[in-house]
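S.K.: Here is a sequence together with a model predicted from it:
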Amino acid sequence: MSTMHQYKLYKQGSNDNLTFEEVERPRLQSSTDVLVRVHAISLNARDNQFTSGTYGLPLPEDGVVPISGEASEAVIHARASLVLS
């Protein structure tokens, strides 16, 4: 099992509600899926509005990873993965 880390929001109201978690890395399911390695993220005004509850969208029941800006690289594409398997 391969894992990754994420900050996830389960309750709006404050950035203090962001929860740091170690989770299983998702498996590529479709030919359009891409595995992305994130090097840096920024929580900007939109993310702050979402965490505070003032953005105007409800929070999904299973929470959300609020990231509007990131520096990342595509690690592997599902089509390549299917060919390599």
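M.R.: Good, I have the coordinates. Because the structure is predicted, anything quoted here is derived from the model rather than measured.
S.K.: Tell me, please, the helix or strand in the chain that averages the lowest pLDDT.
M.R.: When the helices and strands of the chain are scored by mean pLDDT, DSSP states H and E, helix 78-84 comes last with a mean of 54.
S.K.: Centre-most residue in the protein?
M.R.: Residue closest to the average C-alpha location in the chain (C-alpha atoms, centre = their mean): residue 65, at 4.4 Å.
S.K.: separation between that residue and residue 31?
M.R.: 23 Å (C-beta to C-beta, to the nearest Å). For glycine as for every other residue, the C-beta is placed from the backbone atoms N, C-alpha and C.
S.K.: Where do the helices of the protein begin and end?
M.R.: 45-52, 78-84 (DSSP state H).
S.K.: okay, the longest one in CSV with CA atoms only?
M.R.: The C-alpha trace of helix 45-52 is given here as CSV (Å, rounded to 0.1, in the frame of the first residue of the first chain):
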residue,chain,number,x,y,z
ALA,A,45,-8.6,34.1,-0.9
ARG,A,46,-10.9,31.6,-2.6
ASP,A,47,-9.7,28.8,-0.3
ASN,A,48,-10.0,31.0,2.8
GLN,A,49,-13.6,31.9,1.8
PHE,A,50,-14.4,28.2,1.3
THR,A,51,-12.9,27.2,4.7
SER,A,52,-14.7,30.1,6.4
